[in-house]
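Undergrad: Predicted structure and sequence below. I'll ask about it afterward.
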Amino acid sequence: MTLVMKFGGTSVGSANAMRETAQLIQKTKQAWNQIIVVASGMGSKPIKITDLLLQGAYSAFDGDDNTYKEIADQMRRIHFETIDGLLEPEGERQKILAENQRFISHYEALCQAVCVLGELTPRALDAISGMGEQMSVPILAAYLRQEGIPAQAVDATNLIVTDNNFQSANPDFGLTTIKVQAALRPLLENNIIPIVTGFVGATPNGITTTLGRGGSDFSASILGQSIKANEVWIWTDVDGVMSADPRIVDNAVSIPVLSYREVSELAYYGAKVLHPKTMRPCIENNIPLRIKNTFNPTHPGTVIVDHKSNGNGGIKAVTGIKNLSMITVEGTGMIGIPGIAARTFSAVARTKVSVLLISQASSEQSICFAVPESQNETVVNSLRTEFAEEIKRRDIDSVWALHDVSIVTVVGAGMRGTPGVSGRIFSSMGEHHVNVIAIAQGSSECSISIVIDGDDTAAAISHIHNIILEL
């Protein structure tokens with residue numbers, strides 16, 4: 001039985017945090033035959049090492065020759081304090097201190113080069129931003145060894161092979177599997193726990209890359225596929241995926257089981273859950289992916305699997321995105337004219353703005369869609385330029401934006417087979433005087449999205465969540 005466990009920045013953010021993480025690792029090892037650990041860079045609030053690394057790099061790019069040096073000193077203090085608090089003088093302390101110093105000195109040298117050249121490429125950003133994991137992992141591995149737990153630090157640049165799409169590299173699973181099996185299988189067979197750097201990989205030529213958003217989580221699922229793990233656990237600071245944002249809904253509950261499709265919908269519509277690319281390697285290989293709470297380790301959390309069963313009356317969760325604009329293209333002259341929708345979204349695509357929801361009247365007299373509030377003017381201007389002739393002829397009456405709206409999305413794969421769900425949602429909105437501006441539902445019926453006034457967001461989420469609890 002093989003388990004991959006990923007720990008985020010808060011779990012390795014201080015000496016005390018690393019002690020607690022080591023205890024979790026040791027306890028879990030007793031229940032599992034083989035364990036692989038993936039760790040992020042140190043990240044205790046409000047300081048995250050990755051953020052500091054990037055801050056120094058960008059300041060150097062701006063010609064600032066001092067800030068990155070101050071940040072290097074700050075990182076040196078943070079790591080040295082953790083090392084001194086964990087490792088005994090007669091053990092590996094001096095060795096790990098020296099290794100840490102080499103990374104920080106390399107960071108300063110890279111930032112100096114950026115400052116002198118006035119150039120900060122995606123490749124340089126990856127080399128710099130991935131250092132947090134490369135500094136934290138040796139500390140955790142050394143502490144485990146000190147506690148009598150066989151462990152070895154492994155740099156993922158020697159395991160995960162990617163393309164050269166710096167900042168958001170894509171893994172080559174074939175080459176990665178070969179390297180992972182060759183490097184990690186002997187350690188596991190000798191009862192040694194590999195402690196692997198998250199977030200980073202490397203091109204076939206050995207150039208460091210990073211995996212983009214949710215990179216360390218993605219590292220865990222990549223290793224899970226490559227080593228053919230039985231499960232992958234992502235340790236975070238909540239009891240799995242919640243039925244609603246606990247900051248909005250006091251009685252939000254942890255959802256025991258979600259499907260890949262459900263979690264993808266939640267992630268797209270604003271919930272703080274795993275990025276879909278993180279889940280894909282596990283789901284495609286039937287590896288359960290579990291989200292657990294570092295601070296409440298006995299809680300089972302949420303397991304994400306590839307199935308369509310529902311429960312909870314078909315509704316699992318409700319989430320929302322605020323600070324949006326609803327843009328409308330309308331006119332009686334649009335009826336029956338081919339290509340209006342295509343031209344509309346081609347004009348939007350040229351602005352590189354993401355469309356979050358689309359709704360169209362069956363009469364084809366209007367098309368409306370939601371975009372971030374901050375980008376609505378750019379989109380409206382692009383559309384008015386695209387349809388200048390149609391507006392002049394009055395085929396299109398207007399292109400306009402409704403400001404400060406929100407999308408509230410109800411998610412549950414079982415809604416398709418549960419009659420009356422939509423009716424209850426819209427009845428609840430009417431009863432509580434929440435005006436629904438637009439509606440969208442995917443053909444899979446896994447989610448229903450409504451557009452409402454931004455001021456009604458919290459109320460709408462709370463009332464819909466009550467429906468979830470009643471079912």
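TA: Good, I have the coordinates. Residues are numbered from 1 along each chain as shown.

Undergrad: Burial check on residue 467, number of neighbours?
TA: Residue 467 sits with 17 neighbouring residues when counted by other CB atoms under 10 Å. Where C-beta positions appear, they are placed from N, C-alpha and C, glycine not excepted.

Undergrad: if I pick it, what's in contact with it?
TA: The contact partners of residue 467, taken as CB atoms under 8 Å, 6 or more residues apart in numbering, are 315, 424-425, 428.

Undergrad: Now with 6 Å, please.
TA: Neighbouring residues of residue 467 by CB atoms under 6 Å, 6 or more residues apart in numbering: residue 424.

Undergrad: do residue 129 as well
TA: Taking CB under 6 Å, 6+ apart, one finds 50, 53-54, 210 in contact with residue 129.

Undergrad: Which single one of the residues you listed is nearest to residue 154?
TA: Using CB to CB, residue 210 is the member of the contacts of residue 129 that lies nearest residue 154, at 16.9 Å.

Undergrad: Next, work out how far apart the nearest residue to that closest one once chain neighbours are set aside and residue 166 are.
TA: Distance criterion CB to CB, 6 or more residues apart in numbering; nearest residue to residue 210, sequence neighbours excluded, is residue 126 at 4.6 Å. For residue 126, the distance to residue 166 (CB to CB, to the nearest Å) stands at 5 Å.

Undergrad: where does the stretch 51-200 of the chain have low pLDDT?
TA: Within the stretch 51-200 of the chain, no stretch falls below the threshold (pLDDT under 70).

Undergrad: mind listing the strands for it?
TA: With strands called from DSSP state E, counting those that start in this stretch, the stretch 51-200 of the chain shows them at 151-154, 193-197, 200-202.

Undergrad: okay, the contacts of residue 129 in JSON lines with neighbour count and distance to residue 463 next?
TA: Formatted as JSON lines, these follow (neighbours: other CB atoms under 10 Å; distance: CB to CB, whole Å):
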{"residue": "50", "neighbour count": "22", "distance to residue 463": "38"}
{"residue": "53", "neighbour count": "26", "distance to residue 463": "43"}
{"residue": "54", "neighbour count": "17", "distance to residue 463": "40"}
{"residue": "210", "neighbour count": "27", "distance to residue 463": "41"}
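
Undergrad: Kindly reformat the residues you listed as TSV containing distance to residue 31.
TA: Shown next, in TSV, are the contacts of residue 129 (distance: CB to CB, whole Å):
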residue	distance to residue 31
50	31
53	36
54	38
210	32
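
Undergrad: which helices and strands does the helix or strand harbouring residue 235 pack with?
TA: Using DSSP states H and E, residue 235 falls within strand 231-236. Here strand 231-236 touches strand 2-7, helix 215-227, strand 289-293, going by 3 or more CB pairs under 6 Å, 6 or more residues apart in numbering; DSSP states H and E.

Undergrad: what does the first one contact?
TA: Put plainly, it is strand 2-7. 21, 32, 34-39, 216-217, 220, 223-224, 227, 229-235.

Undergrad: Alright, that wraps it up for me.
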